[in-house]
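Peer 1: Prediction below, plus the sequence it came from.
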Amino acid sequence: MAYKCIVLIKQVPDTSRITGEAMNEDGTVNRGALPAIFNPEDLNALELALQIKEKYGGSVTAVTMGLPSASEVLREAMFMGADDAVLVTDRRCAASDTLATSYILTRAAEKIGYDLVLCGRQAIDGDTAQVGPQMAEKLDIPQITYVEQVHELSPEKIVCRRNMGNGWQKTACKLPVLLTVTDQANEPRIGAARRIMKFKNAKTPAEITKEGGSEEDISLMRDKGLLIGQLNLDDVQADLQWCGRDGSPTKVHRIMSVVLTAKESKEVEPSAQGINDMVHELIEDHTIG
Amino acid sequence: MIEVNRQGEVWVFAEQHLGKVEDIAFELLGRARELADKLGVKVGAVIAGDSIKSVCEELIQYGADKVYAVENNLLEHYQTNSYTKVLCTLIEKHKPQIVLYGASPVGRDLAPRVASKMKAGLTADCTDLQIGNHEIKKTGEKHENLLLQIRPAFGGNIIATIINYDRWPQMATVREGVMPMPEPDAKRKGEVIDESVSLSAQDLPIEIIEQVRREKSVNLKASRIIVAGGAGVGSKENFRMIWDLANALGGVPAATRAAADLGYIGKDYQVGQTGTTVRPSLYIAIGLSGAIQHQAGMSESKKIIAVNNDPDAAIFDVAHYKVCGDLNEVVPQMIKAVKEKV
Ligand SMILES: Cc1cc2nc3c(=O)[nH]c(=O)nc-3n(C[C@H](O)[C@H](O)[C@H](O)COP(=O)(O)OP(=O)(O)OC[C@H]3O[C@@H](n4cnc5c(N)ncnc54)[C@H](O)[C@@H]3O)c2cc1C
Ligand SMILES: Cc1cc2nc3c(=O)[nH]c(=O)nc-3n(C[C@H](O)[C@H](O)[C@H](O)COP(=O)(O)OP(=O)(O)OC[C@H]3O[C@@H](n4cnc5c(N)ncnc54)[C@H](O)[C@@H]3O)c2cc1C
C-alpha cells in the first residue's frame, strides 16, 4: 500500500538570531533583517513523511503558503526528497491569523489529495501550534498531535507514540489523519548532492515568467519534473470571507519588543565580605532564613 | 462563532485527569474571577469526564459561580473530537463571552479544534489577560471592555496584545504557572449544572492503546527559593554545589535547558519557555547566561541573584544582586555564609 503524504512547511524568520537591529522603532520585527529559514519542526515532519514513503511507497508533496519567495523552502524540501511541491500564494492571504491560514491550507490540501497530512508541532515565529489542529477540524479528520514515533501503518490504521510532556501515549486511528510532529521524532536528513544539483533549478511558473520564460518553457519544466506548483485563492476555490484580514478574528492591538529593564540592582564583590553582606541583607529583609 | 454578547459569562475549561483537577484550572479560575468581576458577569467552569461530581465543589471554592458538568463514561479519557463536541455544544447553548484553556498538551490540542469549528479566534500561550478598550484608528470605531490577550511571540522577543472584537467567544490558552493560584474558599456558594452531550463512535476515532503519565519529580512552582545552575557549572559532579546551596537555603535546585541537556540534572528541573515558569521569592542564577527563553520562566521572581564571570551576561540585566566572579569560588563562599548565619 502506498500513501500520499502532504507536508506543510512554513518559511519563518530565524527568531533565534534576533538582535536589537532586527527590531523596528514601533516594536515590530523587521523580518528583512533576519534570515528566512525552514521552520525547524517542519523538517521533522518532512523527514517522517520521507521515511513513510521509503518504507511503504507513495509520494510526498511539500506545501507552503507564503510570499513568492517562500519557494525557497520548497526547493529545500525537494533537495531532501519531496516528489513535488506547491506554493500557495496570493495577496489576499495577507494578515491571515491561524484560523484563516488553516482554512486556506485546508482548501489546498483538498485540491491536492492525501492519506496523511503532516505538520510541524509549532512554528518559531507565531509560536501558536494551532494551524495543524485547526486544519484537521476543517478536513474533518482525526488529529494526532506531538508525534514522536510512528509504530505501525496500514491502510486500516496508524499507531503513533505521542510526547505529552509529562508522559506519553500510544494511540491509533484510521486514515486519513493529520499528524503534528515534534523535534524528538527524528534527525532530519541533509539534501543529497545529486538532488541539489537537479532541483536547485526547480521554479514556480511566476519565477519562470519573471525570467522571461514562456508558456512553453513552463511546460518543458513540468516535463522535467522541475516545476513547482503554484495556486492562488481562486485555484483552491477559497471563499474570500474566510481568508486574510477579513477571515481573521484575532487582531493585533499592540506589539512591544522585550526590553529587559535593568532593575534596581547592586554589584556584589565576589569576596567573602561581599557575599556575607549580601546574605545578611537577605536575612534582614526576610527573603531567606 | 457567536455574536458579541456582553452578558456572556467568563468560562474556564477545567482539565482533569482521573478525577483530579489540574492546577492550571485553578490558576485560570483565579484570573477568570477578576475578569468577570470587572465585567459584572458570572464565572463558569466546564468539566467533562467519567466521575467528576466530587470535584465540582472544588471548582466553586476556587472561584466558579456555575459548574457545567458533563458526566459520561465515554469522556473518561480525553479525546480531541469528543471534548471538542462538548465544548462547542455548551458554547453554542450558553454563549459565554470569554473561554480560557490551559496551554497544556491537552489545552493546545483541544482549543484550536474548538476555535476552528466555532470559526472563532484563539490566542495562544498567553502570559497575561486584562480587560481594556480598542480603537480602530482608521475608522475611529471603538470597542470597549475587550479581553486583552497578552502573549510572547517570535521566540519570546516580542510581546503582542491580541484582541477579538467581532467574532466571539474571545478565546485564549494560558501558560501554566504564570497566574497565581487563588486561595480556595470553603464557604463560597455556586451552582452545579448537569449537562449532557450525545456522543457516538464517530466522536471517538482514537484508540488509546497505552499511556504513561509521570508526575514531575519536583514541584518547582511551589518553591520559595530556587537555585538554578547553567552550562557554566561545567559538570554533573560540580552541579552538586547547586544542590548543596539549595539545601542550605531550604530551596530546590533548577537548571537551564543547556544544563539539563548536558545531563547535569533531570529535565523536570528545567526553568523557562519550554520548562516550568516560576515566581519564587529568591532565584539564584549560577553559571547561566540568561537567554530570553530562560528569562521567560523566571524574570517574575521577587529577588534575583546572578553569579557569572562574564560582566556582559544578559542575566545581569534582570538581577538585583550581581556577583561577577568565578562560580567555583563564589558558590562555596555562599554556602559557607548561609550555613553560618541561617
Ligand atoms: C506577534 C504575533 C502573534 C500572533 N498570535 C496569534 C494568535 O495568538 N492566534 C492566531 O490565531 N494567530 C496569531 N498570529 C498569526 C499567526 O502567526 C499566523 O497565522 C501564522 O501564519 C500561522 O501561525 P503560526 O506561525 O503560529 O503556526 P503554527 O500553528 O505554530 O504552525 C504549526 C504548523 O503548521 C504548519 N503551518 C503553519 N503556517 C503555515 C504556512 N503558512 N504554510 C504552510 N504550513 C504552515 C507548519 O507545518 C507548522 O509547523 C500571530 C502573529 C504574530 C506576528
Ligand atoms: C525554542 C527554544 C526553547 C528554549 N527553551 C528553554 C527553556 O525553557 N529554558 C532554558 O533555560 N533554555 C531554553 N532554551 C535554550 C536557551 O536559548 C539557551 O541556549 C540556554 O538557556 C542556555 O543555557 P545556559 O545559560 O546554561 O548556557 P550558556 O548560554 O552556555 O551560558 C553559560 C554561562 O555560564 C557562564 N560561566 C561559565 N563558566 C563560569 C564560571 N566558572 N563562573 C561563572 N560563570 C561561568 C558563562 O559566562 C555563560 O554566561 C530554548 C531555546 C529555544 C530555541
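Peer 2: Arrived safely. Numbering: from 1, shown residues only, chains lettered A, B, ... in the order given. Ligands and ions are numbered 1, 2, ... in the order given.

Peer 1: Would you mind listing the buried residues in stretch A:69-77?
Peer 2: Residues A:70-77 are the ones in stretch A:69-77 that count as buried (16 or more other Cβ atoms under 10 Å in any protein chain shown). Yep, even glycine has a C-beta here, placed from its N, CA and C like the rest.

Peer 1: Now do that stretch: distance to the chain's middle.
Peer 2: 12 Å (Cα atoms, centre = their mean, to the nearest Å).

Peer 1: what does stretch B:322-339 give?
Peer 2: 33 Å.

Peer 1: ok, residues contacting it?
Peer 2: If you take Cβ atoms under 8 Å, 6 or more residues apart in numbering or on different chains as the criterion, stretch B:322-339 is touched by A:265-268, A:270-272, A:274-276, A:278-279, A:288, B:232-233, B:238, B:241-242, B:244-245, B:248-249, B:284, B:286-287, B:305-311, B:316.

Peer 1: before we move on, the earlier item: JSON lines please, covering the buried residues of stretch A:69-77 and showing secondary structure and distance to ligand 2.
Peer 2: Formatted as JSON lines, these follow (DSSP: H, G, I helix; E, B strand; the rest coil; distance: Cβ to the nearest ligand atom, whole Å):
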{"residue": "A:70", "secondary structure": "helix", "distance to ligand 2": "21"}
{"residue": "A:71", "secondary structure": "helix", "distance to ligand 2": "26"}
{"residue": "A:72", "secondary structure": "helix", "distance to ligand 2": "22"}
{"residue": "A:73", "secondary structure": "helix", "distance to ligand 2": "19"}
{"residue": "A:74", "secondary structure": "helix", "distance to ligand 2": "24"}
{"residue": "A:75", "secondary structure": "helix", "distance to ligand 2": "25"}
{"residue": "A:76", "secondary structure": "helix", "distance to ligand 2": "20"}
{"residue": "A:77", "secondary structure": "helix", "distance to ligand 2": "22"}
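
Peer 1: I believe residue B:54 is in a helix; please confirm or correct that.
Peer 2: Yes: Residue B:54: assigned to a helix according to DSSP: H, G, I helix; E, B strand; the rest coil.

Peer 1: any idea how far it is from residue A:186?
Peer 2: Applying Cβ to Cβ, to the nearest Å, the value for residue B:54 to residue A:186 is 43 Å.

Peer 1: repeat for residue A:72
Peer 2: Distance from residue A:72 to residue A:186, by Cβ to Cβ: 23 Å.

Peer 1: And for residue B:309?
Peer 2: 38 Å.

Peer 1: likewise residue A:108?
Peer 2: 25 Å.

Peer 1: more crowded one of these two?
Peer 2: Using other Cβ atoms under 10 Å in any protein chain shown, the more surrounded residue of residue A:108 and residue A:186 is residue A:108, with 25 against 18.

Peer 1: Test my guess that residue A:99 contacts residue B:121.
Peer 2: Yes: checked against Cβ atoms under 8 Å, the pair residue A:99 and residue B:121 is within contact range at 6.5 Å.

Peer 1: Between those two, which contacts overlap?
Peer 2: With Cβ under 8 Å, 6+ apart, residue A:99 and residue B:121 have common neighbours A:248-250, B:115.

Peer 1: Show me where chain B dips below the pLDDT cut-off.
Peer 2: B:342 (pLDDT under 70).

Peer 1: dump the residue contacts of residue B:131.
Peer 2: By Cβ under 8 Å, 6+ apart, the contact set of residue B:131 is B:35, B:38-39, B:145-148.

Peer 1: same thing but 6 Å
Peer 2: B:35, B:38, B:145 (Cβ atoms under 6 Å, 6 or more residues apart in numbering or on different chains).

Peer 1: now swap in residue A:151 and tell me
Peer 2: Contacts of residue A:151 (Cβ under 6 Å, 6+ apart): residue A:159.

Peer 1: do the same with residue A:127
Peer 2: Residue A:127 touches residue B:153, counting by Cβ under 6 Å, 6+ apart.

Peer 1: change it to 7 Å
Peer 2: B:124-125, B:153 (Cβ atoms under 7 Å, 6 or more residues apart in numbering or on different chains).

Peer 1: Of those residues, which is the most crowded?
Peer 2: Counting by other Cβ under 10 Å, top hit in these: residue B:124 with 27 neighbours.

Peer 1: Quick check: chain neighbours aside, which residue is closest to residue A:133?
Peer 2: In space, and not counting its chain neighbours, residue A:133 is closest to residue B:112: 3.9 Å by Cβ to Cβ, 6 or more residues apart in numbering or on different chains.

Peer 1: what helix or strand is residue B:142 on?
Peer 2: In this assignment (DSSP states H and E), residue B:142 forms part of strand B:141-153.

Peer 1: so, in contact with ligand 1 or not, that strand?
Peer 2: Yes: contact of strand B:141-153 with ligand 1 (Cβ under 6 Å from any ligand atom) involves B:151, B:153.
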